[in-house]
Every structure is written in C-alpha cells, then in structure tokens.
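Visitor: I'd like to go over a predicted model; first the sequence, then the structure.
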Amino acid sequence: MINIPKGTKDVLPFDTYKWKRITKVAYEIAHKYNLKEIKTPTFEHTELFRRGVGEGSDIVNKEMYTFLDKGGRSLTLKPEGTASVARSFIENGLFNEVMPLKMWYITPCFRYERPQAGRLREHHQFAVEVYGPNSVMSDVETILIAYEFYRAFGIEPTLHINNIGCEHCRKDYIEKLREYAKPHLQEMCEDCRVRYEKNPLRMLDCKVDVCKDILKDAPLISDTLCDNCKNHFEQVKALLDVLKVNYVADPMLVRGIDYYTNIVFEFVDDDKLLGQNALGGGGRYNNLVEELGGKPTPVIGFGIGLERLLAYMEKKNIEMPNDERVDVYIASNTTNDSYIMYLAQKLRNMGFTVESDLMLRSLKAQFKYADKLDVKYVIIVGEDEIFHNELSIKNMETGEQLKVPYDKLEEFFSNAE
Ligand SMILES: [Zn+2]
Ligand SMILES: [Zn+2]
C-alpha cells in the first residue's frame, strides 16, 4: 500500500464541509471590506522567494520545496503567498490601477518543516494584501479583517503588535542589537549565531531558553524608532483603543520573514493549545515591491493558517456549522424506479437536497440510514401510495406523519418551511 507523504493530509468527505464554510466566510468578509480575490500559481521561480522572503529566513534556508523542471529551471512550491502577489502586481502592471488595491486569497503553502499540531508540509492560508495605502487607517482596517475572520469561527486570540521600524531607524536598532548580543554569542544557539550575521531581529523570537534569557535585557526597538515610525505606531494603538480592539504592545515581536517593516502583528493563543506559535499574523512590507524590481509601493497584509485554525477549534471544542444536511429521504418498498426518480428530481427542482435508496436496502434499513443522514423529512413510497396517488411524509423532528396528495406536494413543503 502507498501511504500519504509525511506532513500532508487528506480532507475526507465528512470533513469537507468545514473547508466549504471557511471559503464561504472568506468570501463574505472579503466582500464587506471590498477585497478582490487574486489567484497565483502553486510554483514560482526560486529566485522570487530568495529575494522576496529573504535569505535570512528559516523558510528560504531550510524549508523550501525546490526542484529543477525538465527545462532545467529552478522552481519552488510557494512557501507563502505574499511574494507571488508582489510578483503579479509588478508583472501585470497593477500599479497602474487606482489604489488602494485590496486583495485576498486562499492558497496552499509548502514548507519542509517538522510536522506538529496544525503545522503541515502542505498547508493552506487565508491571506489579505492591501496595496497602496501607508495610512494608520489601512493598518487598523487590515487588523479588523483578520479579527473578523477569527470571530466568525468563534475564537478570539490576543492581538500582539509591534513596530519594527522603517529602513532608516531599523538599521540603527540592528547595530545596537548586534552590539548587545556580541559578547553573548558563544552561549547562544547555533541558529542565533547565523541570525546575528544574516537577520539579527530574528534572534528576538528565538525559542531557546538560553537565548531568551540573554535577550530579555536587549535594547528595545521602541527606544530607537524614528519620529515617523513612533507616531505611526502611537496612532495605530490609539485607533485600536477607540475601536475597543484589545492588544498587547509586544516589543519582542518581529515575525519570521525578512520583508516586514514598520507595523507587525500576530494573533496569539494565550492558552498555548497548539504550542507556542501564533495562530496567524502579518504586517507592513513597504519595501517588498521595490526589492522585486517594482516602483516603491506600501503594502500591508496578513496570513492565517487554516489547518491551524481547524486544529485550534478542535482543541477548543468549537463545532463548525454544517449546512450540508439532507432535506428529504425517499424510502421505498416498491420496485417502481421511475416513480421514485421522478419524485426525487421534482423535489430537487424545488430546491431540496434529496437522497433515495440506491443500495436497494430493506425499508427498516432505509429508515436507519435516513436517521444517520439526519434528514428533516422521510417520504415513504409504497405500492399503496402510488395506487392512491399520495405520499406518506414523516417529519423526523416531530415524528408526525401525514398523507399528502401528490399534487399538493409543493404546497405542503412551502407551508412547512
Ligand atoms: Zn523609522
Ligand atoms: Zn537562539
């Protein structure tokens, strides 16, 4: 037998309703905020992620699914969606459109990482990218979209927010941080020693105890921010206050990808039901488009891992609403196939979800199956009913059973609704 590859997952027919629901919620929220859907390919040129996501990130260094195609091109299954959207924005001249250009998507992402709770090698993200504005309002609106998405599934993680500075003030901070870490480097983990060279900010979110201990007294970025960044951050927090969005200003929050500048945020589960990782997050990446060869364009966005969302809901015992219920089951003890199929089609044309006995079971077994389907109505068709041109309809919620003349069927159901 051939098994599924490690870190991937089937979604079985009994669980797909959850994904249908996620997609539905995504479309509804997107529409409310005037976001347009964008679709980008599953793989891109490897160079896009090297330049976009950054050489200093774990994703590029350790986790990419990179391969040569038959033409000898180096391609990579996308490890995240943002770089692809930036590539598309530049390549398709979307900068010529009227800004803001507010986009969303659900995409598969591929990362070679150690599979753990809700973290798969192929996972899916709901993501939003807002191109054009550099305003406090667009930051807050983007955060609200993410919040609304979580709330639609009955969860309310804590918003952590930070400002990691612009290209000007971040340089100063990185120097200070390097200066601080330098005498401790030998005690720090191997990853942090690489980060020290390539992406020192990432040392701040190291999960290794020794490193955490060393860095807890590190200089804070909030003390190094330029006036612009400082003001921007204060205004974002003030607007969140006005809107009664709870947040934690978290000076250690940096996010794992190189392209972030200015505002960054994460949605954190305080109970750590899925370990220490955030449930989702995002931030500003005002230099990404320029780094990929486009005109400088401010962008803010976020991504929410959907398998993690589902795993989290499961831990919290939150049921996903299932609207895939069957309305009517036609139970029969007749071999009059044409009558049954004609009736089933008539009901489907009326808008009902209908199932009938395709397995040729006994009437008793059919009722058992109808129970399992949790149907609202069972229509019983026997020779007697056909002869009298009527139907026996049982309401499975009340147990009430009625005889309804065939030509009064529509009337019965329109009153029953
Ligand atoms: Zn700054
Ligand atoms: Zn470390």
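Guide: Sure, I can see it. Being a predicted model, the structure only gives us computed values, none of them experimental. Residues are numbered from 1 along each chain as shown. Ligands and ions are numbered 1, 2, ... in the order given.
Visitor: Spatially, what comes nearest to E28 if we skip its sequence neighbours?
Guide: On the basis of C-beta to C-beta, 6 or more residues apart in numbering, the spatially nearest residue to E28 that is not a chain neighbour turns out to be A152, at 8.0 Å. From N, CA and C alone the C-beta is placed, and that goes for glycine too.
Visitor: That neighbour touches I29, doesn't it?
Guide: Yes - between A152 and I29 a contact is recorded at 6.9 Å, counting by C-beta atoms under 8 Å.
Visitor: And those two? Which one has more around it.
Guide: For A152 and I29, the more surrounded residue by other C-beta atoms under 10 Å is I29, and the numbers stand at 20 against 15.
Visitor: Centroid-nearest residue for this structure?
Guide: Closest residue to the average C-alpha location of the chain: F126 at 3.1 Å, with C-alpha atoms, centre = their mean.
Visitor: Read off the pLDDT value for that one.
Guide: Confidence per residue is given as pLDDT, and for F126 that number is 98.
Visitor: How much space separates it from ligand 2?
Guide: Using C-beta to the ion, to the nearest Å, one gets 30 Å for the distance from F126 to ligand 2.
Visitor: Next up, the contacts around the nearest residue to that residue once chain neighbours are set aside.
Guide: Once flanking residues are discounted, F126 sits nearest to I304: 4.8 Å by C-beta to C-beta, 6+ apart. Contacts were defined as C-beta atoms under 8 Å, 6 or more residues apart in numbering; by that measure I304 touches 125-127, 146, 149-150, 267, 279-280.
Visitor: Neighbouring strands of whichever helix or strand I304 is part of in the sheet, and parallel or not?
Guide: Taking DSSP states H and E as the definition, one finds I304 inside strand 299-305. Each strand that pairs with strand 299-305, with its direction, by DSSP bridges: strand 122-131 (antiparallel), strand 280-284 (antiparallel).
Visitor: List the contacts of Y17.
Guide: When contacts are counted by C-beta under 8 Å, 6+ apart, Y17 is found next to 320, 322-324.
Visitor: Which among these count as buried?
Guide: When burial is judged by neighbour count using 16 or more other C-beta atoms under 10 Å, the buried members of these are M320.
Visitor: What's the mean pLDDT across stretch 202-222?
Guide: For stretch 202-222, the per-residue pLDDT averages 89.
Visitor: Around the closest residue to R73 other than its chain neighbours, count how many other residues there are.
Guide: Once flanking residues are discounted, R73 sits nearest to H45: 6.9 Å by C-beta to C-beta, 6+ apart. Here the number of neighbours of H45 (other C-beta under 10 Å) works out to 13.
Visitor: Checking G154 next. Helix, strand or coil?
Guide: Each residue gets one of three states, and G154 gets coil by DSSP: H, G, I helix; E, B strand; the rest coil.
Visitor: how far out from the middle of the chain is the helix or strand of the chain with the lowest mean pLDDT?
Guide: For the chain, the helix or strand with the lowest mean confidence is helix 58, at a mean of 80 (criterion: mean pLDDT, DSSP states H and E). For helix 58, the separation from the chain centroid amounts to 21 Å (computed by C-alpha atoms, centre = their mean, to the nearest Å).
Visitor: How about stretch 209-223?
Guide: The chain centroid and the centroid of stretch 209-223 are separated by 31 Å under C-alpha atoms, centre = their mean.
Visitor: Can you list the buried residues in that stretch?
Guide: Within stretch 209-223, the residues that count as buried by 16+ other C-beta under 10 Å are 211, 214-215, 218, 221-222.
Visitor: Now flag whichever of the residues you listed is closest to ligand 1.
Guide: Ranking the buried residues of stretch 209-223 by separation from ligand 1, with C-beta to the ion as the measure, puts I221 on top at 9.8 Å.
Visitor: Helix, strand or coil: sort out the closest residue in space to that closest one that isn't next to it in sequence for me.
Guide: Closest residue in space to I221, ignoring its immediate chain neighbours: Y173 at 5.0 Å, by C-beta to C-beta, 6+ apart. Of the three states, Y173 takes helix under three-state DSSP.
Visitor: For the nearest residue to G54 once chain neighbours are set aside, give its distance to M99.
Guide: Ranked by C-beta to C-beta, 6+ apart and with sequence neighbours excluded, the top spatial neighbour of G54 is D258, at 2.6 Å. With the distance defined as C-beta to C-beta, to the nearest Å, D258 ends up 24 Å from M99.
Visitor: the more surrounded of the two?
Guide: Counted by other C-beta under 10 Å, D258 and M99 do not tie: D258 has more neighbours, with 23 against 14.
Visitor: which intervals of this protein have sub-threshold pLDDT?
Guide: Scanning the chain for pLDDT under 70 picks out 116-118, 256, 276, 417.
Visitor: Residue numbers of it in contact with ligand 2?
Guide: Taking C-beta under 5 Å from the ion as the criterion, the neighbours of ligand 2 within the chain are 189, 192, 206, 208, 211.
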